[in-house]
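Enquirer: Here is my input; please provide its structure:
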Amino acid sequence: MIGIEALDVYAGLAGIGLPELFDGRGLDRARLANLMMERRSVGLPFEDPVTNAVNSAKALVDALDPAERGRIELLVTSTESGVDYSKSVASYVHEYLGLPRTCRVMEVKQACYAATGAVQLAAGYLASGRAPGAKALVIATDVAVVDEYAEYAEAATGHGAAAVLLSDTPRIMTIDPGAYGLHSYETLDSARPLPTLDIADADRSLFAYLDCLAHSFADYADRVEGADFAETFDRLVMHTPFAGLVRAGHRKMMREHGDTQPEVIEADFTRRVAPSLTYPRVVGNLCSGSLYLALASTIDTAPCERPERIGLFAYGSGCASEFLSGVITPESGRVLGALRIGERLVARRDIGFDEYVRLLKETRACLVPERDRRVGTEEWADYLDHPGRPGELLVLTGVEDYHRRYAWR
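Expert: Residues are numbered from 1 along each chain as shown. Below is the predicted model of the structure:
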């Protein structure tokens, strides 16, 4: 059995309420209901894709004894927010997590799908039997760069990273071998042509998401005999750009594969989908970490009392998608619950709109190539010393001759 041994999320130290962000940007509050969001994470000037990745995985790696840590043979980072056109984010992550030198280190990119592609490839490597007892660490990490030009997408964008440790001891979720469906094609529904510029065709992106959900499940059903969207899965977890889109996707699939009565669809959504949205509704879109934030949410907020099968849908603009499945158990809730992800989300510092705008300008600078730059963490001590923050954190301190510098705080 191969699957997820450990899972953790880092969603930053700060957040802003959606009503306040809507009012600050002059957006229509009536559309809040469409997003189904309450709050979103906000990046800080000493955070970047490297610090987010390391801070999401540190507790998982620290929990391993030296022998177990030495069995991590593959480290893959997934990001749309690279800091170099050649050197991967993974190189820094490998260093600051203290991973063994006998480790493959690489980075992947395919918008919000890439981490799931890496998870599946890593699972295949571990299942091959060529490295018995080996582990793989996949980390999805990003920095949001959207501002007022993105309109309603700004409110849905999150900040942070999700770390997934895979092995033959799947205490969080066993991945169903050979049970997957794929659907990919080229479309420009969103892109990041410059380090600090995201562009998007909102309508094209929404339709591509729904199209890929339908077709990737159809491919899954072709591969898995008897698969039924309405009956096979005890729970559903989907890539969550915003919770309202997940609701729309679920409604579409139930109309096509289940009961068309609105009250039946709503009851099914509440039972199988809603628990996965608790964390995304207060974090926002974590790009390719979004699916794993939602997975953590469903396990944490509605622990199972028996083994349950989960259907998972991953989507990335551009576009690529996959429908896969796995099994969780009561142990999943116990292991994940010990990390207190929900408590850390509650403990983030609430900020006002003026502070949000000031931070946004500073945070975007972390992705702009500069030969030399200093980041004065003392200016942001109120955030680093805020009650309820996680333990030791990695922070960005600057750039020297293009080499990024970090320190533990």
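
Enquirer: When you work out contacts or count neighbours from here on, use the C-alpha atoms and nothing else.
Expert: Will do.

Enquirer: Report the beta-bridge partners for residue 349.
Expert: residue 14 (DSSP bridges).

Enquirer: i'd like the first residue to be 34 from this point on
Expert: Let's use 34 as the start, then, which means that last one is residue 382.

Enquirer: how much space between it and residue 330?
Expert: In this view, residue 382 and residue 330 are 20 Å apart by CA to CA, to the nearest Å.

Enquirer: more neighbours, these two?
Expert: Neighbour count, other CA atoms under 10 Å: between residue 382 and residue 330, residue 330 has more, with 23 against 20.

Enquirer: From residue 267, how far out is that one?
Expert: Between residue 330 and residue 267 the distance is 15 Å, computed by CA to CA.

Enquirer: swap in residue 364?
Expert: Plainly put, residue 364 is 17 Å away from residue 267 if you go by CA to CA.

Enquirer: In terms of pLDDT, where does the residue nearest the centre of the chain sit?
Expert: Most central in the chain under CA atoms, centre = their mean is residue 322, positioned 1.3 Å from the mean C-alpha point. Note for residue 322: predicted pLDDT of 98.

Enquirer: Spit out the contact partners of it.
Expert: 145, 148, 172-174, 194-196 (CA atoms under 8 Å, 6 or more residues apart in numbering).

Enquirer: Which of those are buried? Put it as a ChimeraX command.
Expert: The ChimeraX selection below is limited to those of the contacts of residue 322 classed as buried (16 or more other CA atoms under 10 Å):
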select :145,148,172,173,174,194,195,196
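
Enquirer: Nearest to residue 299, out of the contacts of residue 322: which one, please.
Expert: Proximity of the contacts of residue 322 to residue 299 (CA to CA) peaks at residue 145, which lies at 26.9 Å.

Enquirer: The closest one and residue 346 touch, don't they?
Expert: No: the pair residue 145 and residue 346 does not pass the contact test of CA atoms under 8 Å, sitting 11.2 Å apart.

Enquirer: Overlap of the contact sets of the two?
Expert: residue 272.

Enquirer: As CSV, could you dump the C-alpha coordinates of stretch 297-317?
Expert: What follows is stretch 297-317 as a C-alpha-only set of coordinates in CSV (Å, rounded to 0.1, in the frame of the first residue of the first chain):
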residue,chain,number,x,y,z
VAL,A,297,-31.1,15.7,-2.7
ILE,A,298,-28.1,17.5,-4.3
GLU,A,299,-27.9,19.9,-1.4
ALA,A,300,-28.0,17.1,1.2
ASP,A,301,-25.3,15.3,-0.7
PHE,A,302,-23.1,18.4,-0.9
THR,A,303,-23.5,19.0,2.9
ARG,A,304,-22.5,15.4,3.7
ARG,A,305,-19.8,14.6,1.2
VAL,A,306,-18.3,17.9,0.1
ALA,A,307,-18.8,20.7,2.7
PRO,A,308,-16.3,19.4,5.3
SER,A,309,-13.5,19.8,2.7
LEU,A,310,-14.3,23.5,2.3
THR,A,311,-13.9,24.6,6.0
TYR,A,312,-10.2,25.4,5.6
PRO,A,313,-10.3,26.8,2.1
ARG,A,314,-13.1,29.2,3.0
VAL,A,315,-10.7,31.0,5.5
VAL,A,316,-7.4,30.6,3.5
GLY,A,317,-8.2,31.0,-0.2
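
Enquirer: how about that stretch: buried residues?
Expert: Quick answer for stretch 297-317 (16+ other CA under 10 Å): 298-299, 301-302, 305-317.

Enquirer: now what about that stretch, what contacts it?
Expert: 44, 48, 69-74, 188-192, 267-270, 273-276, 280, 283-284, 287, 292, 323, 326-332, 334-335, 375, 378.

Enquirer: again, only using 7 Å
Expert: 44, 69-74, 189-191, 267-270, 273, 275-276, 284, 287, 292, 326-328, 330-331, 334-335 (CA atoms under 7 Å, 6 or more residues apart in numbering).

Enquirer: Inside helices: which ones of those?
Expert: 189, 276, 284, 287, 326-328, 330-331, 334 (DSSP state H).

Enquirer: ok, back up a step: just the contacts of residue 322: which are in helices?
Expert: residue 148.

Enquirer: how about the helices in the stretch 34-183 of the chain?
Expert: 51-58, 65-68, 82-95, 99-102, 122-129, 147-160 (DSSP state H, counting those that start in this stretch).

Enquirer: Most tightly packed of these?
Expert: helix 82-95 (a mean of 25; mean count of other CA atoms under 10 Å).

Enquirer: Outside of it itself, list whatever touches it.
Expert: Outside helix 82-95, the residues within contact range by CA under 7 Å, 6+ apart are 39, 41-43, 102, 114, 122, 125-126, 129-130, 172, 174-176, 193-196, 426-429.

Enquirer: need the contact list for residue 426.
Expert: Counting by CA under 7 Å, 6+ apart, residue 426 makes contact with 88, 441-442.

Enquirer: Distance of residue 318 relative to residue 175?
Expert: According to CA to CA, residue 318 and residue 175 sit 10 Å apart.

Enquirer: Same check on residue 84?
Expert: Note on residue 84: its distance to residue 175, by CA to CA, is 10 Å.

Enquirer: Repeat that for residue 369.
Expert: According to CA to CA, residue 369 and residue 175 sit 22 Å apart.

Enquirer: Brilliant, that's me finished.
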